[in-house]
Every structure is written in structure tokens, then in C-alpha cells.
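**Q** just a sequence and a predicted model for now, questions to come.
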Amino acid sequence: MAVLAVDDASNGIANVTMVAAAGGGDSVAAGIKVGGWELPVVVVVRNGDASSKTVTVQGTGYVVLASGIAVIPVRGSAKYGDSVAITYSAVTSVTVGAARLSGPLA
């Protein structure tokens with residue numbers, strides 16, 4: 001199991017570092033929700049295989065189609081850095097990354 005680094009995607013998804021999905025699953029720090037605002041985190045999954053895969057984040061399964069890309073939301077909490085588990089139905093030809101959708105707070 002690997003902990004995915006959360007990249008800044010304010011300049012586009014091309015800046016997201018993709019790594020091989022781990023057979024035992026991965027984890028990522030969730031975004032944060034405070035004062036009616038949310039700084040969301042998403043998991044980007046690229047499936048290069050000829051068959052669809054299911055990726056489960058926070059208990060919800062998402063289907064990533066064959067040769068497809070999915071952007072999966074990670075719901076935040078009031079405490080930044082809470083760890084969220086990510087599991088995969090299979091990891092053959094699957095890469096994954098994590099991104100914050102807004103720039104860092106100054």
C-alpha cells in the first residue's frame with residue numbers, strides 16, 4: 001500500500017504524477033471542509049487495460065472503462081490529512097495519482 005502524494009492541479013491535470021496502482025490498495029489524504037468551503041482532492045485513475053476496472057474510494061465503487069481515465073472525488077472532513085483508502089478490482093495496466101483542485105492557500 002502506497003500513500004499517494006497530492007499534487008497541485010491548478011495548472012491542469014498534466015501536472016499530476018501518475019504511479020502504478022498497488023495490489024494491496026493505496027491511500028490518499030482527503031481534502032478539507034471548513035466554514036462552508038471545501039478544498040477538494042481527486043484521485044485520477046488511468047486504465048490502460050482492455051477490460052474495465054472498479055476503483056473503490058470511501059466505500060463507493062467507480063467503474064473505469066477499458067483504456068479510460070476517471071477523476072474520482074475524495075470528500076473532505078474538518079481535519080486536513082485524514083487518510084482515505086483506495087482499492088482496485090485489479091491493477092494490471094492501472095496508474096493512479098492525486099490532485100488538489102485549487103492552488104495552495106497563501
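**A** Ah, there it is. Residues are numbered from 1 along each chain as shown.

**Q** when you work out contacts or count neighbours from here on, use the C-alpha atoms and nothing else.
**A** Noted.

**Q** now tell me what touches stretch 61-77 from outside.
**A** Applying C-alpha atoms under 8 Å, 6 or more residues apart in numbering, the contact partners of stretch 61-77 are 30-34, 38-58, 84.

**Q** list only buried entries from those residues.
**A** Buried by 16 or more other C-alpha atoms under 10 Å: 30-33, 39-49, 52-57, 84, out of the contacts of stretch 61-77.

**Q** in helices only, show me those.
**A** Among the buried ones among the contacts of stretch 61-77, no member is found in helices (DSSP state H).

**Q** so which residues of this structure form strands?
**A** Here the chain has its strands, by DSSP state E, at 2-4, 6-8, 19-20, 26-29, 32-34, 37-39, 41-47, 53-57, 60-64, 69-74, 83-88, 94-100.

**Q** and the first one, what's its mean pLDDT?
**A** Put plainly, it is strand 2-4. For strand 2-4, mean pLDDT rounds to 92.

**Q** the shortest one too?
**A** Confidence for strand 19-20, expressed as mean pLDDT, is 97.

**Q** who does it pair up with?
**A** strand 94-100 (antiparallel) (DSSP bridges).

**Q** got the angle for the partner strand vs strand 53-57?
**A** Interaxial angle, strand 94-100 versus strand 53-57 (axes from the mean of the first three to the mean of the last three C-alpha atoms, to 10 degrees): 30 degrees.

**Q** may I have strand 94-100 exported as CSV, CA atoms only?
**A** Only the C-alpha atoms of strand 94-100 are listed here, as CSV (Å, rounded to 0.1, in the frame of the first residue of the first chain):
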residue,chain,number,x,y,z
VAL,A,94,-3.6,0.8,-13.9
THR,A,95,-1.9,4.1,-12.9
VAL,A,96,-3.1,6.5,-10.2
GLY,A,97,-2.4,10.0,-9.0
ALA,A,98,-4.0,12.5,-6.6
ALA,A,99,-4.6,16.2,-7.1
ARG,A,100,-5.8,19.2,-5.2
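
**Q** if anything else comes up later, I'll come back, but that's it for now.
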